[in-house]
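Peer 1: Provided below for reference: sequence and predicted model.
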Amino acid sequence: MSALRDKKTLVVDEITKNLKESKCLIVANYKTLNVVSLQKIRQALAEKGVFLKVYKNRLVKHATKALGFEAINKTLLEQNIYAFAKEDDLSAIKALVAFQKDFPALKIVSGIYENKVVDANSLIEISKLPSYEEALMMLGGSLLNPLKNLAVGLNMLIEEGKIKSE
């Protein structure tokens with residue numbers, strides 16, 4: 001019995017370590033998802049720096065309670081997979097929400113984002129936010145638009161002969 005308890009303690013320590021090192025955690029129910037689909041999801045998420053693992057809910061509850069995220073424990077009911085985003089939290093959320101469309105058996109349950117427990121609806125809304133790169137592109141586009149309009153306007157004046165180009 002003591003060896004089993006030691007193994008469980010090691011797993012709780014592993015979960016705690018993963019939670020501390022991750023930018024966010026996404027919990028998803030995979031009850032009716034087949035192994036091939038789960039493997040595809042795991043490989044695609046690994047390319048984005050997301051660690052996907054199946055843990056017993058009871059052991060996750062111990063780790064989340066120790067870190068002050070016990071509010072998530074009421075959502076840990078069925079067979080869940082745990083996605084730990086180590087690099088980019090937003091791309092992990094976007095990817096899992098996109099997988100919900102491809103794999104209807106996958107249901108996002110809850111998560112931890114910016115050190116707060118959030119529900120599935122909040123994660124779906126967060127997935128609609130632009131990523132860092134997308135936000136930079138939007139900013140760049142908004143900065144270039146006035147210059148582009150000025151250039152078009154000046155070109156029209158030159159064509160009409162109101163301004164001489166040299």
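Peer 2: Here it is on my side, so go on. All of these numbers come straight from a predicted model, not from anything done at the bench. Numbers count the residues shown, from 1 in each chain.
Peer 1: and the nearest residue to residue 87 once chain neighbours are set aside, how many residues sit next to it?
Peer 2: For residue 87, ignoring the flanking residues on the chain, the nearest one in space by C-beta to C-beta, 6 or more residues apart in numbering is residue 49 at 3.3 Å. For glycine as for every other residue, the C-beta is placed from the backbone atoms N, C-alpha and C. By other C-beta atoms under 10 Å, 16 other residues sit near residue 49.
Peer 1: how about residue 49, what does it touch?
Peer 2: 85-88, 92 (C-beta atoms under 8 Å, 6 or more residues apart in numbering).
Peer 1: please redo it, this time with the cut-off set to 7 Å
Peer 2: Residue 49 makes contacts with 85-88, as judged by C-beta atoms under 7 Å, 6 or more residues apart in numbering.
Peer 1: which of the residues you listed are buried?
Peer 2: 85, 88 (16 or more other C-beta atoms under 10 Å).
Peer 1: Tell me the secondary structure at residue 77.
Peer 2: Under DSSP: H, G, I helix; E, B strand; the rest coil, the three-state class of residue 77 is coil.
Peer 1: For burial, what's the neighbour tally of it?
Peer 2: Residue 77: 10 neighbours (other C-beta under 10 Å).
Peer 1: With residue 96 instead?
Peer 2: 27.
Peer 1: That one contacts residue 109, doesn't it?
Peer 2: No. With contact defined as C-beta atoms under 7 Å, residue 96 and residue 109 do not form a contacting pair (10.7 Å).
Peer 1: intersection of neighbour lists for the two?
Peer 2: Here residue 96 and residue 109 share the contacting residues residue 28, scored by C-beta under 7 Å, 6+ apart.
Peer 1: picking up where we left off before, can you tell me which of the contacts of residue 49 end up in strands?
Peer 2: Taking DSSP state E as the definition of strands, the contacts of residue 49 contribute residue 85.
Peer 1: Farthest-apart pair in the contacts of residue 49, please.
Peer 2: Among those, the pair separated by the greatest distance (C-beta to C-beta) is 86 and 88, at 8.7 Å.
Peer 1: Output the below-cut-off pLDDT ranges for the protein.
Peer 2: 1, 165-166 (pLDDT under 70).
Peer 1: My reading is that residue 53 is in a strand; is that accurate?
Peer 2: Yes. Judged by three-state DSSP, residue 53 forms part of a strand.
Peer 1: No more questions from me, cheers.
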